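A.B. asks: I need the structure of the sequence given here:
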Amino acid sequence: MGGTQLEKSRARRAAASALVGGALEYYDFFLYSLAAAIVFPTLMFPTGTSAATGILLSLGTLGVGYVARPAGAVIFSHFGDKFGRKRILVLTIVLMGLSTFIIGFLPTYEQVGFLAPALLVVMRLFQGLSAGAETTGASTLTLESAPHGRRAFYTSFTQSGNSIGFVLANVAFLPIAALPHDLLFSWGWRIPFFASAIVVAVALIMRSKLEEAVIFIKEVVEEHKEVKIPLITALRRYPWGIIKVLLLTTSASIGTMLFTFGLAFATRPEFGIEISYTTMIWASIAGYGLNAIAQPFWGLLSDRIGRRPVIIFGSITSAAMTFAYFGAIVMHNIPMIFVSIVGAFSIFYAAVNAVSQTFSGELFDVRVRYSASAVGFNAGIVVVGFVPAIATAFVTRDNWLAAPIIVTITCIAAAFAALFSKETNKVPLEDLG
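C.D. replies: Take a look at the predicted model:
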């Protein structure tokens, strides 16, 4: 078990490229989330609106990016299934980097009126299109490059890369958030967006060294088994598989609730708690940083005992820990905020996140794997993207239980998706689907 040296070498290169590319891609994507919680409510929306309305509108633009993700998934995965994963992964990183870089130059509402939020929405749409193909594309390539018995381990590095991207975004924003108010809201917030130029350069180098998986070359390229429209074929052959991926993916709301809504809930004065930006960003860094470390271990465990028990266990325990997290925020209990965020996200949700892309990819055959998993994943992400805005409409300091209840509903959906699926960890890749 574990594969030949050549297989291990290919798997390591694919996993490394997925990790680095995902980190850089999601640096851009998560950077927007931080700005949406902290600066965009003030800078990009009418000054005559209430502060709460500004937050709601800003978090609504966050959701726009998630709405665009299914479109990106459909467009890019189609070509990825027909012509290869590598080319698409190069294209998506360029699209993400350029749109993020441009955000740094956008004028404010005070300068150009409604053109400011309109331009912000356009850039967020481009980010969403790119992100729609990123995770499933990198995961598909890594899964297909991994040796039998180590598929979840190697594929988990894609998700670890995404978590590292979040850490990078927070580290970049940390000194910016500590600036005096006037500097933060004038030019300071723009600096992390300008750093995307470096992101694009590094990612292009990594992506240019990728290789297509042997199974894709053999079954699609050499044997000409490609299908005309992969998504249509997937919808006909695997409708329940796509629905299972959607349900599993909604559990990712734990991330947007803890780190996007949670940041606004803890720091914005209208909620009446007002924990410092710096404290909450450090909590976010701890949560995602340890999550990135934990995921490969959950991947290894899944390769040994199966995908289903790991996903079910992680879903239930992570949902339970979100009650402690929001309770700690309301009580202004800083140590408990750190403990609960590590428990909820770094340890328990890491189990779900580490295995989710492997579980999803193993439901489909190589000819439609990218399309089917990308569409199911990003359809679920649409729900995830609007969860913070929904929570903003219902959650108050006195009604904070609504936040963990929302998370619990999505985690139960993920557990059911795993419960009613066949185990795949011992099945050869060519026999899947």
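
A.B. asks: so how many other residues sit close to the closest residue to Val310 other than its chain neighbours?
C.D. replies: Distances taken as CB to CB, 6 or more residues apart in numbering place Ser302 nearest to Val310, at 4.6 Å, with adjacent residues excluded. C-beta coordinates here come from the backbone N, C-alpha and C atoms, glycine included. Other residues near Ser302 come to 25 when the count uses other CB atoms under 10 Å.

A.B. asks: Which helix or strand contains Ser302?
C.D. replies: helix 277-305 (DSSP states H and E).

A.B. asks: moving C-terminal of that helix, what's the next helix or strand?
C.D. replies: Next along the chain after helix 277-305, taking DSSP H and E as the criterion, comes helix 307-330.

A.B. asks: Show me what that next one packs onto, helices and strands only.
C.D. replies: Applying 3 or more CB pairs under 8 Å, 6 or more residues apart in numbering; DSSP states H and E, one finds that helix 307-330 contacts helix 253-256, helix 262-267, helix 277-305, helix 334-341, helix 350-361, helix 402-419.

A.B. asks: ok, Glu25 to Gly128 distance?
C.D. replies: 12 Å (CB to CB, to the nearest Å).

A.B. asks: which parts of the helix holding Ser302 are buried?
C.D. replies: When burial is assessed from 16 or more other CB atoms under 10 Å, helix 277-305 yields the following buried residues: 277, 280-292, 294-296, 298-299, 301-303.

A.B. asks: other SSEs contacting that helix?
C.D. replies: Judged by 3+ CB pairs under 8 Å, 6+ apart, helix 277-305 is in contact with helix 151-177, helix 262-267, helix 307-330, helix 334-341, helix 350-361.

A.B. asks: Tell me the secondary structure at His224.
C.D. replies: Secondary structure for His224, judged by DSSP: H, G, I helix; E, B strand; the rest coil, is coil.

A.B. asks: measure it to Ile405 for me?
C.D. replies: 51 Å.

A.B. asks: go on, Ala203?
C.D. replies: 38 Å.

A.B. asks: Please apply the same query to Glu362.
C.D. replies: For Glu362, the distance to Ile405 - CB to CB - is 31 Å.

A.B. asks: Compare neighbour counts for these two and give me the winner.
C.D. replies: Taking other CB under 10 Å, Glu362 and Ile405 do not tie; Glu362 has more neighbours (25 against 16).

A.B. asks: quick one, phi psi at the nearest residue to the more buried one once chain neighbours are set aside?
C.D. replies: The shortest distance from Glu362 to any non-neighbouring residue, by CB to CB, 6+ apart, is to Thr424 (4.1 Å). For Thr424, the backbone dihedrals are phi -130, psi 0 (criterion: degrees, to the nearest 10).

A.B. asks: so Thr424 makes contact with Gly361?
C.D. replies: No: counting by CB atoms under 8 Å, Thr424 sits too far from Gly361 to count as a contact (9.3 Å).

A.B. asks: these two touch, right, Ala133 and Ala374?
C.D. replies: Yes: between Ala133 and Ala374 there is a contact under CB under 8 Å: 6.3 Å.

A.B. asks: Please list all residues in contact with Gly60.
C.D. replies: Phe386, Ala389 (CB atoms under 8 Å, 6 or more residues apart in numbering).
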